[in-house]
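**Student:** structure here, sequence nowhere to be found:
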Ligand code: GAR
């Protein structure tokens, strides 16, 4: 049987992932992107920290990396500009914040606003900020979880794409609860990024409609 000379290769959306730390969410995205049917490909990983273990995960997967450290820039707007330029090089359709622990400024939002996705380890709008798990525990909630949302100029205030709940168990500490949230979070992030890439999305007020 002659081989089809023009196999149909599904188009994959170009995704840049911003990281600051361990990179288990990044690892889940990298595990998904070899399957063209997922609909997205991680084309670059950018970190604000040169020592982020996430960078080694990207390199091991053969994905280009860049470090944009605040200490290398004279001020905050210059860093924002540097970060935007580093991401722009990869010409992404989606930017995913996976454990990226800095607030994005105006220069970045001007270029990529509306197509930046963040994953947060709490059920927003409850417990935004850098300590979502710790704050939820301190409040005594019995159910928390994770949220994937679009990024706007506020701190974890953008329209919500998807959420999953995780029960708080007696005896949980921040580490044990965060670990259980991260298991659910990775699955949700892979699912949502794939759907956004394959189906597209629209924003109607506070609602994100996949496939729109
Ligand atoms: C994730 O749980 C993510 O939601 C959280 O950091 C962790 C990163 O884990 N992000 C925030 O708290 C942002 N406010 P990872 O480096 O193993 O992917």
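**Tutor:** It's in. All values derive from a computational prediction rather than experimental measurement.
**Student:** alpha carbons only for contacts and neighbour counts from here, please
**Tutor:** OK.
**Student:** show me what counts as buried in stretch 86-93.
**Tutor:** The neighbour-count check on stretch 86-93 (16 or more other C-alpha atoms under 10 Å) flags 86, 87, 90, 92 as buried.
**Student:** can you redo those as JSON lines with pLDDT?
**Tutor:** Output for the buried residues of stretch 86-93, formatted as JSON lines (pLDDT from 0 to 100):
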{"residue": "86", "pLDDT": "98"}
{"residue": "87", "pLDDT": "98"}
{"residue": "90", "pLDDT": "98"}
{"residue": "92", "pLDDT": "97"}
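**Student:** name the residues of this structure found near the ligand, please.
**Tutor:** Proximity of the chain to the ligand is confined to 21-26, 98-101, 119-121, 129-130, 182 under the rule C-alpha under 6 Å from any ligand atom.
**Student:** looking at these, state which has the most neighbours.
**Tutor:** In terms of neighbour count, residue 121 stands highest of the residues of the chain next to the ligand at 30 neighbours, by other C-alpha atoms under 10 Å.
**Student:** give me the pLDDT value at the closest residue to it other than its chain neighbours.
**Tutor:** Leaving aside its chain neighbours, residue 121 sits nearest to residue 146 (4.4 Å; criterion: C-alpha to C-alpha, 6 or more residues apart in numbering). Note on residue 146: pLDDT of 99.
**Student:** ditto for the one 3 residues further on
**Tutor:** With respect to pLDDT, residue 149 has a value of 98.
**Student:** chain neighbours aside, what residue packs nearest to it?
**Tutor:** Nearest non-adjacent residue to residue 149, counting by C-alpha to C-alpha, 6+ apart: residue 160, 4.2 Å away.
**Student:** verify the contact between the one you found and residue 152 for me.
**Tutor:** No - with contact defined as C-alpha atoms under 8 Å, residue 160 does not reach residue 152; the gap is 10.9 Å.
**Student:** buried stuff in the longest helix seen in the chain?
**Tutor:** Longest helix in the chain by number of residues (criterion: DSSP state H): helix 174-199. Residues of helix 174-199 classed as buried: 177-178, 181-182, 184-186, 188-190, 192-198 (neighbour count, 16+ other C-alpha under 10 Å).
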